[in-house]
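[1] Sequence plus the predicted model coming up.
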Amino acid sequence: MKHLFDIDNGDYTEDMPLYERFRVRAVIVKDDKIAVQHVDGGEYKLPGGGVEAGETLTEALAREVMEECGLTVIPESIRDIGEVRELRRDIFEPDHRYISHSYHFFCEVKDEISPTAMTESELKRGYHPQWESVDNILAWGDANLGDRYWQKRDHLFLKWMRENHLL
């Protein structure tokens with residue numbers, strides 16, 4: 001998959017032990033809006049998450065979209081966008097460096113909506129699926145971008161998509 005860009009905090013050294021994660025993110029466009037996880041009055045997050053052992057990227061994408069948004073991905077519609085890498089000191093083990101590979105895909109979904117199966121932390125934060133305009137998501141991020149790495153990653157990615165006329 002094409003490498004798009006890195007988000008490098010520069011707060012680590014190359015000799016630190018490495019913790020590496022592989023993730024998928026979905027860009028689902030419908031009626032000029034995209035599917036996101038949203039907290040009322042707050043942040044937006046693209047649907048997606050970690051690839052589990054034995055899963056392909058597309059299997060992980062379909063599972064994560066169903067869990068987080070209750071939407072069924074149409075497998076034939078999945079198209080690569082590219083990879084964003086995050087490099088930083090690990091937040092759980094500060095003596096380790098962390099690399100996250102986020103593989104982004106366009107995909108389409110079926111019209112029906114199923115119940116979500118969000119994680120306990122997603123439910124605790126108040127996430128719920130929503131269709132939102134990219135303009136609103138970017139405006140919120142421009143004004144409120146916090147220190148949460150996923151906010152920065154998704155905000156920079158959506159800006160990159162807009163700058164490259166993909167949204």
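    Good, I have the coordinates.

[2] contacting residues around the closest residue to D31 other than its chain neighbours?
    Distances taken as C-beta to C-beta, 6 or more residues apart in numbering place W131 nearest to D31, at 7.3 Å, with adjacent residues excluded. (Glycine included, C-beta is placed from N, CA and C.) Residues in contact with W131, defined by C-beta atoms under 8 Å, 6 or more residues apart in numbering, are 30-31, 33-36.

[3] same thing but at 10 Å, please
    W131 sits next to 28-36, 38, 69 when contact means C-beta atoms under 10 Å, 6 or more residues apart in numbering.

[4] From those residues, keep the buried residues only.
    Neighbour-count burial within these applies to 28, 33-36, 38, 69; the criterion is 16 or more other C-beta atoms under 10 Å.

[5] circling back to that earlier point, for the contacts of W131, which one is nearest P47?
    Comparing the contacts of W131 against P47 with C-beta to C-beta picks out C69 as the nearest, at 5.0 Å.

[6] got a pLDDT number for the closest one?
    Note for C69: predicted pLDDT of 96.

[7] wait, it sits on V109?
    Yes - with contacts counted by C-beta atoms under 10 Å, C69 reaches V109, the gap being 8.0 Å.

[8] Next one, pLDDT for the nearest residue to W140 once chain neighbours are set aside please.
    In this structure, W140 finds its nearest non-sequential neighbour in Y44, 6.5 Å apart by C-beta to C-beta, 6+ apart. At Y44, the model reports a pLDDT of 92.

[9] can you pull the contacts of Y44?
    34, 36-38, 127, 130, 132, 134, 136-138, 140-141, 144, 150-151, 154-155, 158.

[10] mind running it again at 8 Å?
    If you count contacts by C-beta under 8 Å, 6+ apart, then Y44 has 36-38, 132, 137, 140-141, 154 around it.

[11] got it, and G146?
    E43.

[12] Is it in a helix, a strand, or coil?
    Per DSSP: H, G, I helix; E, B strand; the rest coil, the secondary structure class of G146 is coil.

[13] For A60, see how far away it is.
    Per C-beta to C-beta, to the nearest Å, G146 is found 26 Å from A60.
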